[in-house]
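Asks: build the 3D model from these lines:
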Amino acid sequence: MTDIGDPAARGLPADAKSSRGHADEPHAGGLAARLNWLRAGVLGANDGIVSTAGLVVGVAAATTARSPIITAGVAGVAAGAVAMALGEYVSVSSQRDTERALLAKERAELDQEPARELIELAGIYQAQGLTPETAEQVARELTAHDAFAAHAHAELGIDPGELTNPWHAAGASAVSFTVGALLPVLAILLPASVRIPVTFVVVLLALAVTGTISARIGGAPRNRAVGRVVLGGALAMLVTFGIGQLVGAVGI
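Replies: Residues are numbered from 1 along each chain as shown. This next block holds a predicted model:
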């Protein structure tokens, strides 16, 4: 009989680490929740850098007066942080509502037809490569331990105890947006002769950092991720710089 403690018997790679030996490692549900707010933070920082840089560079191209540049920058930071936080809260709340609805449906099915659900669970493990006998054993033992959690993990990919948190995502997005946006705001306050080129350099370096972090989180190629955000940020600043110069030239 296959040992249920063997990682292969649970549909895991043969070199999977035992939870007893690595209790400090995050499980799948907890890791997914952490990655959710980390993703929100990276996106917030990137958006804060690009949108605020475009705003202040555009104003700086139209006028050398410091007051309107500061006003535009501060307004952009405040409005952007609130908008990002609200957007993340609404988005993640919708995701959480969907997760709860799926879990409620799964619990109802488990209560009404436990035998059929057990067969379905065994079928999932069998489809992952286990023999019918081992799949049934795994399904029975996991059901005996926590039937609801076992079905939520296997069928829905959801950890009932680690649902996505809209407040975490909103907070991470607002804070990271503010931090990212402050970089171009501070850079644009330099003397008029250097403020725009220095802002360009600071913004592109900051975007390279956020692109690197984003690539690491998503497991994507670093150069491609960095290239996208850096080119996009440069294009945004060039466009707003051109518009600002045009507006300043016609005196609007």
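Asks: can you list phi and psi of G157 for me?
Replies: Torsion angles at G157 (phi, psi; degrees, to the nearest 10) stand at phi 70, psi 30.
Asks: go on, the one 3 residues further on?
Replies: Dihedral angles phi and psi of P160 (degrees, to the nearest 10) take the values phi -60, psi -30.
Asks: helices along the chain, start to end?
Replies: 28-62, 66-112, 114-127, 132-151, 166-187, 195-218, 222-250 (DSSP state H).
Asks: determine the set of other helices and strands touching the fourth one.
Replies: For helix 132-151, the elements it packs on are helix 66-112, helix 114-127, judged by 3 or more Cβ pairs under 8 Å, 6 or more residues apart in numbering; DSSP states H and E. (C-beta placed from N, C-alpha, C; glycine too.)
Asks: can you list those in CSV and add mean neighbour count?
Replies: CSV is the format used below for these (neighbours: other Cβ atoms under 10 Å):
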stretch, mean neighbour count
helix 66-112, 16
helix 114-127, 16
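Asks: export those helices as a markdown table, with columns for mean pLDDT.
Replies: Formatted as a markdown table, those follow (pLDDT from 0 to 100):
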| stretch | mean pLDDT |
| --- | --- |
| helix 66-112 | 91 |
| helix 114-127 | 89 |
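Asks: which one of these lies closest to G41?
Replies: helix 66-112 (9.6 Å; Cβ to Cβ).
Asks: V74 versus Y89, what's the distance?
Replies: Distance, Y89 to V74, using Cβ to Cβ, to the nearest Å: 23 Å.
Asks: now do the residue sitting nearest the centre point of the chain against Q137, distance only.
Replies: In the chain, the centroid-proximal residue (Cα atoms, centre = their mean) is R39; its distance is 1.9 Å. Using Cβ to Cβ, one obtains 37 Å as the distance from R39 to Q137.
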